[in-house]
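[1] Sequence first, predicted coordinates after that:
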Amino acid sequence: MGRGRAKAKQTKVARDLKYFSPDTDYSALERELHGSTPSIEPDRRSEPDEDEGDEYGKWVSGER
């Protein structure tokens, strides 16, 4: 016994969540979809480090 109130409360909360429709910010959605301002900048290097080049050369030649 005692399950009736709990179930009624859960049903009410579920119904409120199902039919809840907050105001939508369409301009923010448009900015996000079009990607006008990237949120993460890629890490770009102008040239590889010299150590990386040496390691690759050693690896290719089999010297490791």
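    Received it, and whenever you're ready, just let me know what you need.
[2] Okay, strands next: where are they in this protein?
    According to DSSP state E, the chain carries no segments that qualify as strands.
[3] where in it is pLDDT low?
    1, 36-53, 63-64 (pLDDT under 70).
[4] pull the CA atoms of stretch 8-20 into PDB?
    Extracted in PDB, the C-alpha atoms of stretch 8-20 (Å, rounded to 0.1, in the frame of the first residue of the first chain):
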ATOM      1  CA  ALA A   8       0.500   9.700  -9.200                       C
ATOM      2  CA  LYS A   9       3.400  12.100  -8.500                       C
ATOM      3  CA  GLN A  10       5.700  10.300 -11.000                       C
ATOM      4  CA  THR A  11       2.900  10.400 -13.600                       C
ATOM      5  CA  LYS A  12       2.400  14.200 -13.000                       C
ATOM      6  CA  VAL A  13       6.100  14.900 -13.300                       C
ATOM      7  CA  ALA A  14       6.500  12.800 -16.400                       C
ATOM      8  CA  ARG A  15       3.500  14.500 -18.000                       C
ATOM      9  CA  ASP A  16       4.900  18.000 -17.100                       C
ATOM     10  CA  LEU A  17       8.300  17.100 -18.700                       C
ATOM     11  CA  LYS A  18       6.700  15.600 -21.800                       C
ATOM     12  CA  TYR A  19       4.600  18.700 -22.600                       C
ATOM     13  CA  PHE A  20       7.100  21.300 -21.400                       C
END
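[5] State the phi and psi torsions of Pro22.
    phi -70, psi 160 (degrees, to the nearest 10).
[6] What's the local residue count around it?
    5 (other Cβ atoms under 10 Å). For glycine as for every other residue, the C-beta is placed from the backbone atoms N, C-alpha and C.
[7] Longest helix in the chain, please.
    helix 3-19 (DSSP state H).
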